[in-house]
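Engineer: take a look and give me a structure for this.
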Amino acid sequence: MNSLNLGKLGFGGAGIGNLYRAIPDGEALATVLAAWDAGIRYFDTAPHYGLGLSEQRLGAVLRDKPREEFVISTKVGRLLEPNSTGGQDPEGFDVPALTQRVWDFSEKGVRRSIEDSLERLGLDHVDIAYLHDPDVHDLHAGISQGLPALEKLRSEGVVRAIGVGINSAEAALECVEAADLDLVMLAGRYTLLEQPSVPLLERCAERRTGVVSVGAYNSGLLARPEVPDDAHYNYDQAPPDVLERARALAAICRDFAVELPTAALQFPLRHPAVVNVTAGATSPEQVATNAARMEAPVPAELWNALEAAGRD
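Structural biologist: Got it, this is the predicted structure:
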């Protein structure tokens with residue numbers, strides 16, 4: 001694996017791309033600054049997030065920071081092309097649809113994606129490039145075209161590390177076997193609630209491929225000490241059986257005077273393949289809360305109790 005030091009906690013940039021709701025520029029920039037002030041030095045973004053808005057906002061803060069002091073990743077696979085139809089973005093971001101996403105896993109598309117991202121960021125290089133959502137679009141094209149293109153960019157020194165940003169543990173494993181990846185950014189598949197990705201993580205450990213865990217709160221289900229009836233899971237209303245499981249976890253945490261989201265945020269790092277947990281935020285307060293949760297003490301007895309409950 002590449003020797004990049006990501007730290008335990010990273011900053012995820014989807015929220016400052018106006019995911020689900022618009023955030024004023026001042027609030028978004030203050031959120032990124034709060035991450036910096038909290039000691040976070042790994043920042044992740046993508047063209048997909050707000051049709052480039054996340055990259056623009058992240059770059060507005062980071063381009064004034066010492067470049068050698070932070071690590072930044074962005075993603076390839078979706079190009080942003082002019083859009084004349086108007087309206088708002090149809091893919092969950094509260095932004096005008098001045099551009100539209102066009103899938104492109106070709107080497108030409110990957111290179112152009114990096115160039116466009118650098119322009120939006122106002123930086124001269126990114127450290128990590130992930131192939132974004134090949135499991136959503138075309139896994140075969142991602143493996144046969146996108147990953148070789150990224151390997152070539154790394155060999156040329158355009159980026160220092162490469163990987164995939166993905167939701168499916170099974171698809172991620174195919175990518176790990178097909179290419180020499182430094183990192184896998186895995187969303188929601190290795191959490192306190194569920195661990196279907198254990199075979200993937202074990203293979204990553206063998207291949208020295210680091211795993212960046214995102215979605216540790218399972219779309220908000222594990223984000224509060226008490227699990228409400230309207231909690232979301234996998235971007236939708238959580239079904240009753242999932243609510244019940246989350247509440248059982250919360251009860252075990254309470255027995256040890258630890259809040260559920262604290263255990264959820266720290267849990268992925270217990271696996272040796274996981275090198276970082278990246279969490280999104282839309283306010284300075286959320287950043288501060290995440291940073292405090294990552295450093296809060298968690299007794300070994302709680303982890304033992306949670307593991308025992310998972311075996312039952």
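Engineer: CA atoms of stretch 124-142 as PDB?
Structural biologist: C-alpha atoms of stretch 124-142 as PDB (Å, rounded to 0.1, in the frame of the first residue of the first chain):
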ATOM      1  CA  ASP A 124      -2.000  21.400  -9.000                       C
ATOM      2  CA  HIS A 125      -2.500  17.700  -8.000                       C
ATOM      3  CA  VAL A 126      -4.700  15.300  -6.000                       C
ATOM      4  CA  ASP A 127      -3.100  12.600  -4.000                       C
ATOM      5  CA  ILE A 128      -5.700   9.800  -4.500                       C
ATOM      6  CA  ALA A 129      -8.000   9.100  -7.400                       C
ATOM      7  CA  TYR A 130     -10.900   6.600  -6.900                       C
ATOM      8  CA  LEU A 131     -12.900   5.000  -9.700                       C
ATOM      9  CA  HIS A 132     -16.400   6.000  -8.600                       C
ATOM     10  CA  ASP A 133     -19.300   3.600  -8.400                       C
ATOM     11  CA  PRO A 134     -18.300   1.000 -11.100                       C
ATOM     12  CA  ASP A 135     -20.800  -1.300  -9.400                       C
ATOM     13  CA  VAL A 136     -23.600   1.200 -10.200                       C
ATOM     14  CA  HIS A 137     -22.700   1.700 -13.800                       C
ATOM     15  CA  ASP A 138     -20.600  -0.900 -15.500                       C
ATOM     16  CA  LEU A 139     -18.300  -3.100 -13.400                       C
ATOM     17  CA  HIS A 140     -16.700  -4.800 -16.500                       C
ATOM     18  CA  ALA A 141     -15.800  -1.400 -18.100                       C
ATOM     19  CA  GLY A 142     -14.600  -0.100 -14.700                       C
END
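Engineer: quick one: buried residues of stretch 276-286?
Structural biologist: Using 16 or more other C-beta atoms under 10 Å as the burial criterion, the residues of stretch 276-286 that qualify are 276-284, 286. To be clear about C-beta, it is placed using only N, CA and C from the backbone, and glycine gets the same treatment.
Engineer: over to stretch 238-251?
Structural biologist: By neighbour count on 16+ other C-beta under 10 Å, the buried set for stretch 238-251 is 238, 242-243, 245-246, 249-250.
Engineer: burial count for residue 42?
Structural biologist: By the other C-beta atoms under 10 Å criterion, the neighbourhood of residue 42 contains 24 residues.
Engineer: all strands of the protein, in order?
Structural biologist: Under the criterion DSSP state E, strands of the chain are mapped to 9-12, 42-44, 71-76, 78-82, 99-103, 128-132, 161-166, 183-187, 210-214, 232-233, 236-237, 274-280.
Engineer: residue contacts, the residue most central in space within the chain?
Structural biologist: Relative to the mean C-alpha position of the chain, the nearest C-alpha, by C-alpha atoms, centre = their mean, is the one of residue 214, at 4.2 Å. With contacts taken as C-beta atoms under 8 Å, 6 or more residues apart in numbering, residue 214 has the following neighbours: 12, 44, 185-188, 277-279.
Engineer: change it to 10 Å
Structural biologist: For residue 214, the residues meeting the contact criterion (C-beta atoms under 10 Å, 6 or more residues apart in numbering) are 10, 12, 14, 44, 165, 167, 185-191, 268, 276-280.
Engineer: circling back: of the buried residues of stretch 276-286, which is the nearest to residue 64?
Structural biologist: Out of the buried residues of stretch 276-286, the one with the shortest distance to residue 64 is residue 284. That distance is 17.5 Å, counting by C-beta to C-beta.
Engineer: pLDDT score for that closest one?
Structural biologist: The score at residue 284 is 98. That number is its pLDDT.
Engineer: now do residue 311
Structural biologist: The confidence metric pLDDT takes the value 65 at residue 311.
Engineer: what residues are bridge-paired with the closest residue to residue 81 other than its chain neighbours?
Structural biologist: Of all residues beyond its chain neighbours, the one nearest residue 81 is residue 102 (5.0 Å), with distances taken as C-beta to C-beta, 6 or more residues apart in numbering. Following DSSP bridges, residue 102 is listed with bridge partners residue 79.
Engineer: surely residue 102 touches residue 48?
Structural biologist: No: taking C-beta atoms under 10 Å as the contact criterion, residue 102 and residue 48 are not neighbours in contact, 11.4 Å apart.
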